[in-house]
Every structure is written in C-alpha cells, then in structure tokens.
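how does the following fold in three dimensions:
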Amino acid sequence: MKINLALTSLMPILFLLGCTSSPPVLHATRALIDEPVVQTNQNVIPLAFTQLIQSKPVGYQGSYKNIEFTLGKKYTSALGEQCRELFLNQQGQSSAQTRQAMCKNSQTDQWVMAPQVIKNKNNTISFGA
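Numbering: from 1, shown residues only. Below you'll find the model as predicted:
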C-alpha cells in the first residue's frame, strides 16, 4: 500500500522533470542548396509599379506595360521580408493567370519578383525594369 502511494505521488514529479530539460540543439551538416539565390536587375520591379503595389488594396485590377494584373494578399516571407501576391495575365488571355510573388528585399529596399519554385515554360511576362 505504501509502495503504491509512493509511486502514484512520484509519477507526476517524474513527468514534470522530463518536461523541464530542453531538447537537443541540432546543427545542419549539409547545405540545402548549392548556391544562394542571386538577385539580378531583371527581377527588380520599376519604381512606378512599386508605388502602385504599396498603395492599392487586395483585389485591385490594373494594367502596366500591356500586362493586366490583380493584386493579392500581403504576407511576410520565411526570410522576414514583406511580400505580396500578384496574379498576371497578358491582355487578351483573361482565362490564363500566372501566380507570382514579389518581395521587398530588406538589404536593398527594392521590390523584386521572387523566383518561381516550379518553372513555368509558358510564362513570358516581364515588367522590364
């Protein structure tokens, strides 16, 4: 009886002791990518379009250099950069939209088109800085 009482009173303490220690810290031994993503001037968004991005609400539809677009939601990327969704379609092709992301580079303070994770061979849209 005393043994059961001792075990039942010690069990919660043992469980709590297991929660007080921190988990082991792991360090990566291999890089996830071979080279970091290099920003090129091709990715930089022109200043006039940048001002439009920052001032218009979600769902705004407009046109810039014969490219129709719809602004999507704002979000923060995994790198901590301010980003925004952009849905693009060339004039005359209203059914085919391309989802693109653009982010404000925290080092250069410029908005750039984020590289596509999945390459779309049919995407020929460029804002041309």
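
now the element after the strand or helix carrying Glu68, going C-ward?
For Glu68, the element it lies in under DSSP states H and E is strand 67-76. If you walk from strand 67-76 toward the C-terminus, the next helix or strand you reach (DSSP H and E) is strand 82-90.

okay, angle between that next one and strand 67-76 too, please.
An angle of 160 degrees separates the directions of strand 82-90 and strand 67-76 when computed by axes from the mean of the first three to the mean of the last three CA atoms, to 10 degrees.

sorry, back to before: mind giving me the packing neighbours of the strand holding Glu68?
In terms of contact count using 3 or more CB pairs under 8 Å, 6 or more residues apart in numbering; DSSP states H and E, strand 67-76 is assigned the packing partners strand 61-64, strand 82-90. For every residue, glycine as well, the C-beta is placed using N, CA and C.

can you do 7 Å?
Using 3 or more CB pairs under 7 Å, 6 or more residues apart in numbering; DSSP states H and E as the contact criterion, the elements in contact with strand 67-76 are strand 82-90.

what residues sit buried inside the strand it packs on?
The neighbour-count check on strand 82-90 (16 or more other CB atoms under 10 Å) flags 83-84, 86, 88-89 as buried.

for the most centrally placed residue in the chain, what are its contacts?
Computing the C-alpha centroid of the chain and ranking residues by CA atoms, centre = their mean puts Ser77 first, at 3.3 Å. The neighbourhood of Ser77, defined by CB atoms under 7 Å, 6 or more residues apart in numbering, consists of 83, 103.

and if we set it to 10 Å?
If you count contacts by CB atoms under 10 Å, 6 or more residues apart in numbering, Ser77 has them with 83, 101, 103-104, 106, 114.
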